[in-house]
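> how would this look folded up:
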Amino acid sequence: MSEQEQPGPIGLTIRAYQVGFGDCFLLTFKYPEGVDETKQERHVLIDFGSTGMPAGVVAADQMMKVANDIKDRCKDQLKIVVATHRHKDHVSGFATKKDGSGTGEIIASLKPDMVIQPWTEDPALEDPKLNEEAKPAPGQALPFTNAHYFAALSDMNSLASTIETEVKHLGSSKNLSPELEAQIEFLSDDNSLPNRSAVANLASMGQNHYVRFGDKLDVSEILPGVKIHVLGPPDLTQHAEIRKQKSKDENEFWMLQGAAREYWKLQAASGELIEDFTSGNSRLFPDADIFQDFLPSHYRWFVRQLRSLRGEQLLGLVRVLDRAMNNTSVILLFEFGGKKMLFPGDAQIENWEFALNDKEAAELLKDVCVYKVGHHGSRNATPKSLWGRFTRKREDKEDDGEKEKAARLLTINSTMKGKHGHSESNTEVPRTSLVNELSKLSDYKTTEEAAKANELYIEVEVT
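Next up, the predicted model:
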């Protein structure tokens, strides 16, 4: 029986691995008997990363357990790897080591047929010629192309690394609150991607597809009977209409236009100077007085105020970076046998807005039966306009028939409390109000259950 003639899947097992604050999902599509025995299970890995584990869990050990479990289950038959975006909590598990003993080597050894990443990871965008394209007419603002955005993201990643150094310098003098210091360090670490081997590994482990909204992925040979719809992210040419509609929205997705490209380039360059200064390698003002281990009393209030203000500025910078990177997330809708599974990475409202304004995409979203909760349960990654389209959400009543129970929306959240955001500022992840809504109107599953039970993953069946 040829690949094209093979029947579609008869079921799907989804394993959400307990990686603390991060994402790692293994989708195992099950095919009927009569299909080649080595191909009765076909696997898709969506993300593999973490930025923190529950108390008592050693991160390196846990990630290695996850990698080995994936290897054992796939038996060298990993079909697709998806890296939704380059945040550390989604890709750190793909990192390699010089001695070849990293979790990234284990995943690469499974030789995936296809690697899916957002268009913003396409190395072709590094071409200097692309960055100089579409020069403005006299008197017009600098146009902002896909290549320009790629360059801006690279500068933002560089800046995140230098912010980590500056925060450590500011924090050592106890001029930042512990909460502010923790927020900045988490966001800058997640965005700086200190181990770039993960990016290089992903680029080399299989045939790469750098996707944007509406791209067609032909998986008929590697996943017969399965369709994959790409619902995000849009690129700048696609998002132009939304940009016009929301020209006054300060949270607009593509806010890094025109001069903003130069802004992030300047910030990255300034960050390198600050990193050099705080390490003691140079002095910004060579002729200035130096006070070692103390400050004159008439300076102290002024210095404290400056350092506190700088801390707030740094937090603002890394929050902008964090939103921009989240909004490069790939949004995939898997479909087989009338079932639809939605995996949106960390996509937030500015990314979602384009898909939700497309009639065909909006129609596809209506009868989703499995929803991977966006951005670990943050407040703006499950927009009300998206949640409102799900027709399978409803309260679970005791008198419901078995058929109705099977049709109820299933939601899966990979998350960990206390790592990102704060309840005082209504930024905590997962957001309590969202979790309450998910629990009320869907069959809500979370990797926190696995953490409490000391299990490696939670498992759900889709039939």
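> okay, and for the stretch 251-400 of the chain, where does confidence drop off?
251-325, 397-400 (pLDDT under 70).
> Is residue 331 in contact with residue 228, as I believe?
No - under the criterion of C-beta atoms under 8 Å, residue 331 is not in contact with residue 228, lying 10.9 Å apart. All C-beta spots, glycine's among them, are computed from the backbone N, C-alpha and C.
> Which one's more surrounded, the two?
residue 331 (26 against 23; other C-beta atoms under 10 Å).
> How about the contacts made by the nearest residue to residue 14 once chain neighbours are set aside?
What sits nearest to residue 14 in space, not counting adjacent residues and going by C-beta to C-beta, 6 or more residues apart in numbering, is residue 460, at 5.0 Å. Contacts for residue 460 (C-beta atoms under 8 Å, 6 or more residues apart in numbering) come out as 13-14, 16, 370, 410, 412, 445.
> what residue ranges in the stretch 1-150 of the chain score low on pLDDT?
Within the stretch 1-150 of the chain, the stretches with pLDDT under 70 are 1-5, 34-38, 127-145, 148-150.
> Could you export the contacts of residue 460 to TSV, including columns for distance to residue 63 and neighbour count?
As requested, the contacts of residue 460 are exported to TSV (distance: C-beta to C-beta, whole Å; neighbours: other C-beta atoms under 10 Å):
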residue	distance to residue 63	neighbour count
13	21	17
14	19	24
16	15	24
370	25	23
410	26	20
412	20	23
445	21	21
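> Those residues into a markdown table, with extra columns for distance to residue 339?
Conversion of the contacts of residue 460 to a markdown table gives the following (distance: C-beta to C-beta, whole Å):
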| residue | distance to residue 339 |
| --- | --- |
| 13 | 13 |
| 14 | 11 |
| 16 | 17 |
| 370 | 8 |
| 410 | 10 |
| 412 | 14 |
| 445 | 16 |
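> of all these, which comes closest to residue 104?
Closest approach to residue 104 among those (C-beta to C-beta): residue 16, at 20.3 Å.
> Name all residues that make contact with that closest one.
Listed by C-beta under 8 Å, 6+ apart, the contact set of residue 16 reads 24-25, 412, 414, 445, 447, 450, 457-460.
> Who is it paired with across the strands?
Listed beta-bridge partners, residue 16: residue 25, residue 458 (assigned using DSSP bridges).
> quick one on the thing from earlier: for the contacts of residue 16, pick the one with the most neighbours.
Busiest of the contacts of residue 16 [other C-beta under 10 Å] is residue 414, holding 30 neighbours.
> Got the phi and psi for that one?
When read as degrees, to the nearest 10, the backbone of residue 414 gives phi -100, psi 110.
> Kindly report the same for residue 44.
Per-residue torsions, residue 44: phi -130, psi 130 (degrees, to the nearest 10).
> How confident was the prediction at residue 463?
Among the per-residue scores, residue 463 holds a pLDDT of 88.
> How about the contacts made by it?
10-12 are the contacts of residue 463 under C-beta under 8 Å, 6+ apart.
> looking at these, which has the most residues close by?
Result: residue 12 is most packed of the contacts of residue 463 (other C-beta under 10 Å), 21 neighbours.
> burial measure for the nearest residue to it once chain neighbours are set aside, as a count.
Among residues not flanking residue 12 along the chain, residue 462 sits closest, at 4.2 Å (C-beta to C-beta, 6+ apart). Counted by other C-beta under 10 Å, the residues lying close to residue 462 total 20.
> Strands of the chain, residue ranges please.
11-17, 24-30, 41-48, 78-82, 114-118, 207-211, 227-232, 331-336, 339-343, 370-372, 410-413, 443-446, 457-462 (DSSP state E).
> Can I get those in TSV including distance to residue 217?
What follows is those, written out as TSV (distance: least, C-beta to C-beta, whole Å):
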stretch	distance to residue 217
strand 11-17	17
strand 24-30	14
strand 41-48	12
strand 78-82	9
strand 114-118	7
strand 207-211	6
strand 227-232	5
strand 331-336	9
strand 339-343	13
strand 370-372	18
strand 410-413	22
strand 443-446	27
strand 457-462	20
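> Tell me which of the ones you listed approaches residue 197 most closely.
Residue 197 sits nearest to strand 41-48 of all the strands of the chain, at 13.4 Å, using C-beta to C-beta.
> could I get that closest one in PDB with only the CA atoms?
Coordinates of each C-alpha in strand 41-48 appear next as PDB, following Å, rounded to 0.1, in the frame of the first residue of the first chain:
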ATOM      1  CA  GLU A  41       2.500   5.400  15.200                       C
ATOM      2  CA  ARG A  42       3.900   8.700  13.800                       C
ATOM      3  CA  HIS A  43       5.100  11.500  16.000                       C
ATOM      4  CA  VAL A  44       5.200  15.300  16.000                       C
ATOM      5  CA  LEU A  45       7.200  17.200  18.700                       C
ATOM      6  CA  ILE A  46       6.000  20.700  19.400                       C
ATOM      7  CA  ASP A  47       8.600  22.800  21.400                       C
ATOM      8  CA  PHE A  48      11.000  21.600  24.000                       C
END
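> can you pull the buried residues of stretch 345-361?
By neighbour count with 16 or more other C-beta atoms under 10 Å, stretch 345-361 contains the buried residues 345-356, 358, 361.
> could the residues you listed go into JSON lines alongside distance to residue 60?
Output for the buried residues of stretch 345-361, formatted as JSON lines (distance: C-beta to C-beta, whole Å):
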{"residue": "345", "distance to residue 60": "24"}
{"residue": "346", "distance to residue 60": "24"}
{"residue": "347", "distance to residue 60": "29"}
{"residue": "348", "distance to residue 60": "30"}
{"residue": "349", "distance to residue 60": "35"}
{"residue": "350", "distance to residue 60": "35"}
{"residue": "351", "distance to residue 60": "32"}
{"residue": "352", "distance to residue 60": "34"}
{"residue": "353", "distance to residue 60": "38"}
{"residue": "354", "distance to residue 60": "38"}
{"residue": "355", "distance to residue 60": "37"}
{"residue": "356", "distance to residue 60": "40"}
{"residue": "358", "distance to residue 60": "42"}
{"residue": "361", "distance to residue 60": "40"}
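> and the two most separated of those residues?
Using C-beta to C-beta, the pair of the buried residues of stretch 345-361 lying farthest apart is 346 and 358, separated by 20.3 Å.
> who touches residue 47 in this structure?
Contacts of residue 47 by C-beta under 8 Å, 6+ apart are 22-25, 82-84, 90-91, 345.
> how near is residue 120 to residue 84?
11 Å (C-beta to C-beta, to the nearest Å).
> who's more crowded, those two?
Taking other C-beta under 10 Å, residue 120 and residue 84 do not tie; residue 84 has more neighbours (28 against 24).
> how about the more buried one, what does it touch?
Residue 84 neighbours (C-beta under 8 Å, 6+ apart): 23, 46-47, 90, 118, 329-330, 343-347.
> gap between it and residue 439?
The value you get for residue 84 to residue 439, if C-beta to C-beta is used, is 25 Å.
> One more: residue 415?
Distance from residue 415 to residue 439, by C-beta to C-beta: 13 Å.
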